[in-house]
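1. how does the following fold in three dimensions:
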Amino acid sequence: MKEFGKYVMFLGSLFVRRETFATYYKLTLEECIQIGVKSASLVALVSFFMGAVTTVQTAYNMVSPLIPRFVISQVVREMTLLELAPTIIAVIYAGKVGSSMAGGLGTMRITEQIDALEVMGINSTSYLVLPKIVASVLMYPLLVILAGVCGLVGGYLVGTLTGAVTPTEFVYGLRYNYNPYVITFALTKSIVFAFLISSISSFKGYYTQGGALEVGISSTAAVTTSVIAVLLSDYFLAQLLL
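-> Next up, the predicted model:
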């Protein structure tokens, strides 16, 4: 509870003694490039193969001749949009982006750069952390959309090339009994996950104490805590919104 209270106070300190809008605009754009653009290739690659593997395994388990083959793409659609794209990519996002945030802030802490900002009268939490959280909330939903598209494309290519399903059947399965609320649910989860990962990772890095070894420990703790928070919130959001 003490750690959670410290985390809540940390979030509250983001909104006091703020800098100008132009300052945050520039910092947020820089973070968007670091967080979103430089993660796009990894997200696309991982989600492509997730969709491909899901298609192959679903086709392998479709042993009954009574089940139409378009069900394969329907299963791939639901798994990709509901869980694989927002949640599994969030774990990868925590490992790549979260550890980077924690490591960067931890290095600034032990080299006394954060102390120098405070001496100059700058609210270091707002200046350093708020752009990261805003950029994460803006960019991660876009990465989830990219992951969903690449996952479905990967499933389509592998399914049609291996002969598990025809192109017409795959497209029909994607459109069959489609519920647009799935997209809303996935994007809602992505916003929550982005906030949790960026805020927890920044919190762990900001309060690093010691030397270079402790920076690594903070990065590991940031990834571990972020993944646990993502999984717990995934369950609660599924209970609330579905």
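2. ok, which stretches of this structure are helices?
-> All helices of the chain, identified by DSSP state H, fall at 2-12, 21-35, 40-61, 70-79, 89-93, 99-110, 113-119, 124-128, 130-161, 167-175, 181-206, 212-241.
3. now Tyr156: how far from Phe48?
-> Here the criterion is Cβ to Cβ, to the nearest Å. By it, Tyr156 lies 10 Å from Phe48. To be clear about C-beta, it is placed using only N, CA and C from the backbone, and glycine gets the same treatment.
4. please apply the same query to Gly163.
-> For Gly163 relative to Phe48 (Cβ to Cβ), the value is 19 Å.
5. more neighbours: those two, which one.
-> Phe48 (20 against 8; other Cβ atoms under 10 Å).
6. show me the contacts for the more buried one.
-> Cys150, Gly151, Val153, Gly154 (Cβ atoms under 8 Å, 6 or more residues apart in numbering).
7. now do the contacts for the residue lying closest to Pro167 once chain neighbours are set aside.
-> Closest residue to Pro167 in three dimensions, ignoring its sequence neighbours and counting by Cβ to Cβ, 6 or more residues apart in numbering: Thr160, at 5.0 Å. Counting by Cβ under 8 Å, 6+ apart, Thr160 touches Thr166, Pro167, Phe170.
8. okay if I get those as TSV plus distance to Tyr24 and neighbour count?
-> Compiled in TSV, these are given as follows (distance: Cβ to Cβ, whole Å; neighbours: other Cβ atoms under 10 Å):
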residue	distance to Tyr24	neighbour count
Thr166	51	13
Pro167	47	12
Phe170	44	24
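9. which residue is nearest the centroid of this protein?
-> Ala90 (3.3 Å; Cα atoms, centre = their mean).
10. so that residue sits against Ile197, correct?
-> Yes - judged on Cβ atoms under 8 Å, Ala90 makes contact with Ile197 at a distance of 6.7 Å.
11. which neighbours do the two share?
-> Tyr140, Val230.
12. got a quick PyMOL command for the buried subset of the contacts of Phe48?
-> Applied in PyMOL, the following selects the buried portion of these according to 16 or more other Cβ atoms under 10 Å:
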select buried, resi 150+151+154
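13. can you tell me how far the residue nearest to Pro167 is from Gln239?
-> 37 Å.
14. and the contacts of Thr160 as TSV, adding pLDDT?
-> Below are these laid out as TSV (pLDDT from 0 to 100):
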residue	pLDDT
Thr166	88
Pro167	89
Phe170	90
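15. between these, which is nearest Leu42?
-> The nearest member of these to Leu42, counting by Cβ to Cβ, is Phe170 at 25.6 Å.
16. residues touching the closest one, list them.
-> Phe70, Ile72, Ser73, Gly155, Tyr156, Gly159, Thr160.
17. pLDDT below threshold where in this structure?
-> 63 (pLDDT under 70).
18. rerun at 80
-> Scanning the chain for pLDDT under 80 picks out the ranges 1-2, 17-19, 62-66, 242.
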